[in-house]
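Undergrad: would you be able to build a 3D model of this:
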Amino acid sequence: METVPGDVRLEPALEGPAMSATRERRHWARPEPRVVPDGSHLRLEKSGEVRLRLQRRASANLRHHVRRALVRFTVLLVADLASFGVMRALVRAVRDYAVVGDALAARLEAMLPGGILNGWQYAAALFMGLLVTGNYGRGDQRRNPRRLFLGAALATALPLWMTIWTRGLEPMLVQYAFVTLLAWAALVAERRVIDRIAGWVLPAERDRMDVLFVGPGVECIGAIATRAFSAGTEFRPIGFVDTQVPPAAGALGALDDLATLLAASGAQAVVICGYLTQQQFREVVDMALAGGCQMLSVPRSVQMAGVHPTTVWRGGQPLVELTAPSLKGWQLLLKRLVDLLGSTVGLIITAPLIALIAAAIKLDSPGPVFFRQERIGTGGRRFRVWKFRTMRNGAPDAAHRELIRKMFNGQEAEAGHGNGNGKPVYKLVNDDRVTRVGRWLRQTSLDEVPQLFNVVRGEMSLVGPRPPLTYEFEAYDHWQFDRLTVLPGITGLWQVSGRNLLTYRQMCELDLEYVRRWSLWLDLKILFKTIPVVLFNSGRAA
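TA: As a prediction, this is how the structure comes out:
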C-alpha cells in the first residue's frame, strides 16, 4: 500500500511565479490522507481482465453519480418550495396583516391582490420554470443568477397569463415585474444559503469525488490549483498521471499505468489536462469511461468519435464533460420497463406455441426440451442463454471443431458473422447433429423464443447487441468492449440490417451504433423490422 502524499510531491514543478500566487489556495496541500493501493497485483493480470474490473466497477460509480443527482435535486426542490413559502408568508404579512403599516399594505394590495401568489398554482409553475431553464443541473447551474431569473420569469408568466384578459395589460406588467423580482431575489438568496449550509453540515472531505488528473505534469498541477477543484468543491484530487516520459516527480505513474491506477484507486472522475496526442486521448477516454468515471477536460479541441462533449461550470471555470456512448440512468429504467412488459406479454401470447414446440421436440428425439448455452453479458458477466434444443442430445462436438477449422481455412460452409480480424465465421451447411424439428426451428428462428425468460430475469433485453460466445469474447479488441455496456438483446440492429450477410466487424459496428443512437423509437422500429426478417428468413446467406 502506498499513501498518496498530501502535497503530491510537487516541489520541482511548483517553482515559479505561476504557482506562487496559488499557494494560499492549495487545499490539497494538507488533505486527509488518501490511501491508494499500488495495484501491483493487477499488473500481473491480462489487460482484458483489468478492463473488466473497470467495467464491473462502473455500476458502483453510476450509482454514486445517480445518488448525488437525486440528493441534489431533492434538496433544491424542497428548498425552492420552502423559499416560496417564506416569500408568500412575508407578502401576506405585509399586505393582509399590515405588519409594517397600513400605507404599505394598501400599496401592496393594489399591486398584488389576493390570489396572485396562490399556493399550489405558483409552486407548480415555479417548479416547471426552474426545471425547464435548467436550474436543477450540476455545478454552477443551480446558482447562476441569470438562469434563476429566467426560471422565475417563466414561473410568474404561467399563472398570470389568463388574468391579462380580465385585468388588462398594464397592471399585469406591474404584477409580473414585481413577482418576478421578488421570486428571483428569494431564489438567489436561497441557493447561497444552501451552499453555506452544505459547507457547514458536510465536512470538506466528506462525499467528495476522488479525481485523477491525466496529462503533462505541469498542466495537471495547474489544474489542481484552480478554483474548480479547490476546497468546498465536489472534487478531491488524489494525484495525477503524467503523459510525458519520464514522469514528473510526484506523479502516480505513467500513461501505461492508467488502467491499473483506475482499478486500484477507485477514482470516480478523471480530468484531462493539457495537450494529449490523439492516441493518448483515446486511451484515456476509453479507460475512464469503461470504469464509469465522470469524464472532464480542461477546455481544448475535442474531436472524438462517439464521445459527446458538454460544457459544465465549476467555480466560474468552464470544463468539458465527455459522456460515453452508452445509455444513461433514465434510459436504462425506461428500457427495462419496456423489456419487462414486452417479455411478459410475449410469454403469455406464445405460451401455446411454446407447449407445441416442446411436445414436437420430445416426440422427435429423446432429451431435454431446452438447451442452455454460455454467453457473455453486460460487463463481461457470464450467463446461460435459453434456447429450444435443436441437436441430438449428447451429440459429439467433433463437428464444432471442424467448423472452427473451416472458419480459418475458408472451406465450404455457410457464411456467418466473422471473427475479430474480419474473417467470416461459418456455420455448417449439413450438420447431422441437428434434428428434423431443430432444423425447422433454426430456419424460423423460433429456437430463440425461450430467451424471453432471460429478458424477464434481467440477463437480456428485447433489443440489444448480440451476446458473444466465450471464444469470441477472448479475441475482443479494445473498441469492442463498448458492446458490453448494455444488456445483450434477442434481436438488434445487425439482425435487421443483413444478419449473416454481414462481416463480424460490420456486426460489431452496428451494435455500437445502436448503443450511441438508442431511443425507444429505435427499439420499436427494430422489433417491427424483426417480424418480416423472421417470417421470410431474410438476411441469411444462400
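
Undergrad: list phi and psi for Trp386.
TA: Main-chain dihedrals, Trp386, degrees, to the nearest 10: phi -90, psi 130.

Undergrad: that one and Arg375: what is the separation?
TA: 11 Å (C-beta to C-beta, to the nearest Å). Placement of C-beta: from N, CA and C, glycine included.

Undergrad: any idea how far apart the tips of stretch 360-378 sit?
TA: 34 Å (C-alpha to C-alpha, to the nearest Å).

Undergrad: now Ala69, nearest residue through space, not along the chain?
TA: Arg138 (7.5 Å; C-beta to C-beta, 6 or more residues apart in numbering).

Undergrad: how much space between the one you found and Ala189?
TA: 21 Å.

Undergrad: can you check Asp80 too?
TA: 12 Å.

Undergrad: ok, now which ones touch Val385?
TA: By C-beta atoms under 8 Å, 6 or more residues apart in numbering, the contact set of Val385 is Arg372, Gln373, Glu374, Arg375, Gln451, Asn454, Glu459, Met460, Pro467.

Undergrad: ok, of the residues you listed, which come out buried?
TA: With burial judged by 16 or more other C-beta atoms under 10 Å, the buried subset of the contacts of Val385 is Arg375, Gln451, Asn454, Glu459, Met460, Pro467.

Undergrad: re the thing from before, more neighbours: Arg138 and Ala189, which one.
TA: Arg138 (17 against 13; other C-beta atoms under 10 Å).

Undergrad: hang on, the more buried one packs against Leu76?
TA: No. With contact defined as C-beta atoms under 8 Å, Arg138 does not count as touching Leu76 (11.0 Å).

Undergrad: show me what the helix or strand that contains Val179 is packed up against.
TA: Assigning secondary structure by DSSP states H and E places Val179 in helix 169-201. For helix 169-201, the packing partners by 3 or more C-beta pairs under 8 Å, 6 or more residues apart in numbering; DSSP states H and E come out as helix 47-95, helix 102-111, helix 145-160.

Undergrad: among those, which is nearest Trp521?
TA: Closest to Trp521 of those is helix 47-95 (C-beta to C-beta; 24.2 Å).

Undergrad: all the strands of the stretch 301-450 of the chain, in order from the start?
TA: Listed in chain order, the strands of the stretch 301-450 of the chain (DSSP state E, counting those that start in this stretch) span 308-314, 317-323, 370-376, 382-388, 414-415, 426-427.

Undergrad: deepest of those strands, which one?
TA: With neighbours defined as mean count of other C-beta atoms under 10 Å, these peak in mean count at strand 426-427, which reaches a mean of 21.

Undergrad: mind checking how far the nearest residue to Gln55 once chain neighbours are set aside is from Gly498?
TA: Of all residues not flanking Gln55 in the chain, Gly379 sits nearest, at 4.4 Å (C-beta to C-beta, 6+ apart). Gly379 sits 28 Å away from Gly498, going by C-beta to C-beta.

Undergrad: before we move on, what about Gly291?
TA: Distance of Gly291 to Gly498, given as C-beta to C-beta: 34 Å.

Undergrad: looking at these two, which is more packed in?
TA: Neighbour tally, Gly291 and Gly498, criterion other C-beta under 10 Å: the higher count belongs to Gly291, 23 against 17.

Undergrad: just checking the distance from stretch 354-365 to the centre of its chain.
TA: 43 Å (C-alpha atoms, centre = their mean, to the nearest Å).

Undergrad: how about that stretch: buried residues?
TA: Those would be Ile354, Ile357, Ala358, Ala360, Ile361, Ser365, for stretch 354-365 by 16+ other C-beta under 10 Å.

Undergrad: picking up where we left off before, OK, contacts around the residue nearest to Ala69?
TA: Applying C-beta under 8 Å, 6+ apart to Arg138 gives the contacts Ala69, Arg72, Val312.

Undergrad: ok, those vs Ala254, which is closest?
TA: Distances from Ala254 to the contacts of Arg138, taken by C-beta to C-beta, are shortest for Val312, at 28.4 Å.

Undergrad: adding pLDDT, write the buried ones among the contacts of Val385 out as a markdown table.
TA: Shown next, in a markdown table, are these (pLDDT from 0 to 100):
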| residue | pLDDT |
| --- | --- |
| Arg375 | 93 |
| Gln451 | 94 |
| Asn454 | 94 |
| Glu459 | 93 |
| Met460 | 95 |
| Pro467 | 91 |
